[in-house]
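Novice: return a 3D structure for these sequence lines:
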Amino acid sequence: MQATGWSDPDPAEVHHPTTNAEWDAALSRYLGSLNDLPLQRCVEVARSHGAATLVIETRYLDIDYRSEFSAYYSRQFADVPDSAHRLHFFSKHLETQSLWRLDADHGYIGYVVVRPAATGLVSRALLKPPQDLESAVRTSVTEYVNFFGQQLSVRGVPFAQQDAQLGACAQAAAWMCHFTAVLRGDTARRTKADFSLKADASLQPNRALPTGGLTVMQLSELFRTFEIPAMYYLVGELPSPQLPWQSTDPTGPPHLAGTWDHRIVAVACRHLNSGNPILVGTHNHAFILCGYRRSNHPRPGWIEFIRHDDQAGPYLLVHDVLNDVDQRTGKSYGPWRTMHVPVPDKLWLAPEAAERKGGQFLLNASGQIASAAGDPLPFTPLQNLINVKQLALRTYAIRSNDFKASVAARTTSEAIQIEYRLARLPRFIWVVEAIDRQLRKAGKPCVVGEAVLDATSSDHDPQEIALHIHGVMWLQQTNGDIRFPITGDAQPYNSGGVGDP
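Specialist: Residues are numbered from 1 along each chain as shown. Below you'll find the model as predicted:
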């Protein structure tokens with residue numbers, strides 16, 4: 001890459017590339033680093049949205065790169081620029097003279113902040129997901145961007161590339177999780193340098209600078225310190241709800257757990273349904289999961305995940321978690337070993353415990369309602385769905401205010417809407433939905449019931465707050481009274497989790 005004349009031109013330059021050669025020419029001052037792949041993938045994502053204008057904002061004083069500069073680059077012998085460049089992508093054709101006053105339909109796609117470091121170009125980025133993956137990305141957040149005095153917005157998942165000096169892959173992945181939480185309003189912002197400087201050196205046998213990465217213990221401690229304590233999972237010892245109708249827990253050689261422990265899929269989906277990214281660790285690398293989608297290949301019901309890999313770029317497919325090979329490049333990631341899921345501080349109840357209690361709660365209530373109802377039943381009891389292997393449970397955490405706000409879009413019953421809207425609920429709740437697989441496959445409303453649990457209750461004694469199934473609702477009030485029965489509509493309705501059920 002070329003650092004000569006780094007701050008020129010002032011304040012920006014505008015390009016309108018259309019061909020691969022023109023894009024390469026516009027980005028020529030950055031190419032030739034030790035790893036151009038992350039930047040190239042960012043550009044590929046922007047071009048998938050029809051990027052017609054590239055605006056390079058020079059001498060951008062990025063808080064994250066400035067923290068890295070202060071902690072590391074300013075101490076090098078080499079003369080390293082103290083500012084970054086911010087690359088803005090638009091789907092509309094913009095001229096230089098109009099940058100100060102954009103039209104309303106500017107078509108902003110997102111940005112990439114480029115640091116002047118040949119060991120790692122992309123300081124941070126936030127781009128809209130590719131259109132073919134947009135519905136599968138489940139941890140998207142909105143960032144407001146100041147573009148020459150104008151407020152723009154972009155919705156996607158934060159991305160960062162390690163510089164291989166102050167930060168390694170673990171720091172980059174941890175920052176991606178952190179900045180997602182910041183934009184959700186879950187915690188205060190920390191600079192990227194903090195992910196190296198604040199790491200407990202006593203938990204790492206190697207020296208801190210230049211970085212040797214982060215240990216599992218350091219990651220857990222960083223997330224705790226930054227007020228998004230992580231749920232930690234060791235592959236091979238993953239928890240499961242262990243409900244009678246669910247598949248039994250797998251077993252295999254402990255040192256190869258990442259090749260057989262299919263519970264990875266269920267654990268990851270519960271958190272992604274909640275909008276929380278997952279930091280995955282292998283024997284020598286770390287990356288985050290930010291979404292998933294269902295596929296019929298190699299068999300119906302197959303789950304493909306979406307990955308941000310700081311060494312390859314954002315929004316990449318993980319086809320098989322138990323044999324993780326990038327189908328684009330042939331790169332083998334090796335077996336997954338650990339998962340960290342940073343969550344809001346008061347999300348205490350584990351999702352597996354919530355699903356265990358909620359699933360049993362739903363089954364029992366379904367049976368009681370079916371016994372009391374007259375023939376023919378206007379609904380299918382859960383036991384009948386279990387008998388034909390068509391019952392699925394979808395578990396997710398959500399802010400109770402968001403849950404209440406979404407009720408009207410999910411159920412037509414005014415009585416149920418009123419009860420949920422007026423209920424006293426903790427800030428966070430776990431919701432366990434009963435899903436009819438056949439309805440889901442047909443693309444129809446497929447939720448036949450839900451259990452709501454207190455996210456601050458204990459794994460040993462999860463507390464139910466509400467239940468709604470087959471058009472009948474039960475609600476626990478804070479004074480100890482129970483409101484029952486509250487009757488509504490027995491028709492299936494839409495899921496409240498993030499993304500398609």
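
Novice: which of the helices or strands spans the nearest residue to residue 200 once chain neighbours are set aside?
Specialist: Setting aside the residues directly before and after it, residue 200 is nearest to residue 221 in space (C-beta to C-beta, 6 or more residues apart in numbering), at 5.2 Å. The C-beta positions use only the backbone N, C-alpha and C, and glycine is treated the same way. Per DSSP states H and E, residue 221 falls inside helix 216-225.

Novice: show me what residue 287 is bridged to.
Specialist: Residue 287 has these beta-bridge partners by DSSP bridges: residue 280.

Novice: picking that back up, pull the distance from whatever helix or strand comes next after the helix holding residue 221 to the chain's centre.
Specialist: Using DSSP H and E, the next helix or strand after helix 216-225 towards the C-terminus is strand 230-234. Remark: strand 230-234 is offset 15 Å from the chain centroid, using C-alpha atoms, centre = their mean, to the nearest Å.

Novice: buried set for strand 230-234?
Specialist: 230-231, 233 (16 or more other C-beta atoms under 10 Å).

Novice: one more: stretch 167-185?
Specialist: For stretch 167-185, the neighbour count (16+ other C-beta under 10 Å) marks 167-184 as buried.

Novice: re earlier: count the neighbours of the residue nearest to residue 200 for me.
Specialist: 19 (other C-beta atoms under 10 Å).

Novice: quick one: the helices in the protein, in order.
Specialist: 20-26, 37-48, 63-71, 169-184, 194-197, 216-225, 263-273, 351-372, 382-387, 400-410, 414-422, 437-441 (DSSP state H).

Novice: so where is the stretch 151-300 of the chain shaky, pLDDT-wise?
Specialist: The model of the stretch 151-300 of the chain has no residue with pLDDT under 70.

Novice: one more pass at 90, please.
Specialist: The stretch 151-300 of the chain contains residues with pLDDT under 90 at 201-212, 254-255, 296-300.

Novice: and for the chain?
Specialist: 1-5, 201-212, 254-255, 296-301, 373-375, 409-413, 478-480, 488-489.

Novice: switch the cut-off to 80
Specialist: 1, 207-208, 412 (pLDDT under 80).

Novice: residue 496 contacts residue 405, doesn't it?
Specialist: No - counting by C-beta atoms under 8 Å, residue 496 sits too far from residue 405 to count as a contact (9.9 Å).

Novice: who's more crowded, the two?
Specialist: residue 496 (22 against 12).

Novice: ok, now which ones touch the more buried one?
Specialist: 396, 398, 403, 406, 410, 431, 433, 450 (C-beta atoms under 8 Å, 6 or more residues apart in numbering).

Novice: look up how far residue 435 lies from it.
Specialist: Distance, residue 496 to residue 435, by C-beta to C-beta, to the nearest Å: 12 Å.

Novice: what is in contact with these two at once?
Specialist: Common neighbours of residue 496 and residue 435 (C-beta under 8 Å, 6+ apart) do not exist.

Novice: which residues touch residue 178?
Specialist: 187, 190, 195, 223, 226, 228, 342.

Novice: repeat that for 7 Å
Specialist: Applying C-beta atoms under 7 Å, 6 or more residues apart in numbering, one finds that residue 178 lies in contact with 190, 226, 228.

Novice: who touches the residue nearest to residue 116 when sequence neighbours are not counted in this structure?
Specialist: Leaving aside its chain neighbours, residue 116 sits nearest to residue 81 (4.6 Å; criterion: C-beta to C-beta, 6+ apart). Going by C-beta under 7 Å, 6+ apart, residue 81 touches 3, 6, 116.

Novice: tell me, how many neighbours does the first one end up with?
Specialist: Here the neighbour count serves as a burial measure; for residue 3 (other C-beta under 10 Å) it reads 13.

Novice: spatially nearest residue to it (excluding sequence neighbours)?
Specialist: Once flanking residues are discounted, residue 3 sits nearest to residue 116: 5.0 Å by C-beta to C-beta, 6+ apart.

Novice: surely that neighbour touches residue 6?
Specialist: Yes - the criterion here is C-beta atoms under 7 Å, and residue 116 meets it with residue 6 at 5.8 Å.

Novice: who has more neighbours out of these two?
Specialist: residue 116 (21 against 17).

Novice: thought residue 163 was touching residue 169, still the case?
Specialist: No - using C-beta under 7 Å, residue 169 is not in contact with residue 163; the gap is 10.9 Å.

Novice: between the contacts of residue 178, which is nearest residue 260?
Specialist: Checking the contacts of residue 178 against residue 260 with C-beta to C-beta, the nearest one is residue 228 at 30.4 Å.

Novice: how much space between the closest one and residue 134?
Specialist: Remark: distance between residue 228 and residue 134 (C-beta to C-beta) = 25 Å.

Novice: residue 102: neighbouring residues, count only.
Specialist: 17.

Novice: quick check: nearest residue in space to it, chain neighbours excluded?
Specialist: In space, residue 102 is closest to residue 150, 5.9 Å off (C-beta to C-beta, 6+ apart).

Novice: give me the neighbour count for the one you found.
Specialist: Neighbour count for residue 150, taken as other C-beta under 10 Å: 13.

Novice: now residue 338
Specialist: 17.

Novice: what's the closest non-adjacent residue to it?
Specialist: residue 281 (4.1 Å).

Novice: ok, now residue 256?
Specialist: Distance criterion C-beta to C-beta, 6+ apart; nearest residue to residue 256, sequence neighbours excluded, is residue 335 at 6.1 Å.

Novice: okay but that neighbour is in contact with residue 261, surely?
Specialist: No - look at residue 335 against residue 261 with C-beta under 7 Å: they stay out of range, at 9.0 Å.

Novice: of these two, which one has the most company?
Specialist: Shown here are residue 335 and residue 261; by other C-beta under 10 Å, residue 261 has more neighbours (25 against 20).

Novice: so that one sits right up against residue 237, yeah?
Specialist: No - contact criterion C-beta under 7 Å: residue 261 and residue 237 do not qualify, at 8.4 Å.

Novice: shared neighbours, those two?
Specialist: With contacts defined as C-beta under 7 Å, 6+ apart, no residue is adjacent to both residue 261 and residue 237.

Novice: what's around the closest residue in space to residue 350 that isn't next to it in sequence, how many residues?
Specialist: Nearest residue to residue 350 in three dimensions, chain neighbours excluded: residue 459, at 5.1 Å (C-beta to C-beta, 6+ apart). By the criterion of other C-beta under 10 Å, residue 459 has 14 neighbours.

Novice: and residue 225, by the same measure?
Specialist: 14.

Novice: repeat for residue 255
Specialist: 10.

Novice: then the one 5 residues further on?
Specialist: Using other C-beta under 10 Å, residue 260 has 16 neighbouring residues.

Novice: touching, it and residue 250? I think so.
Specialist: Yes - the criterion here is C-beta under 7 Å, and residue 260 meets it with residue 250 at 5.5 Å.
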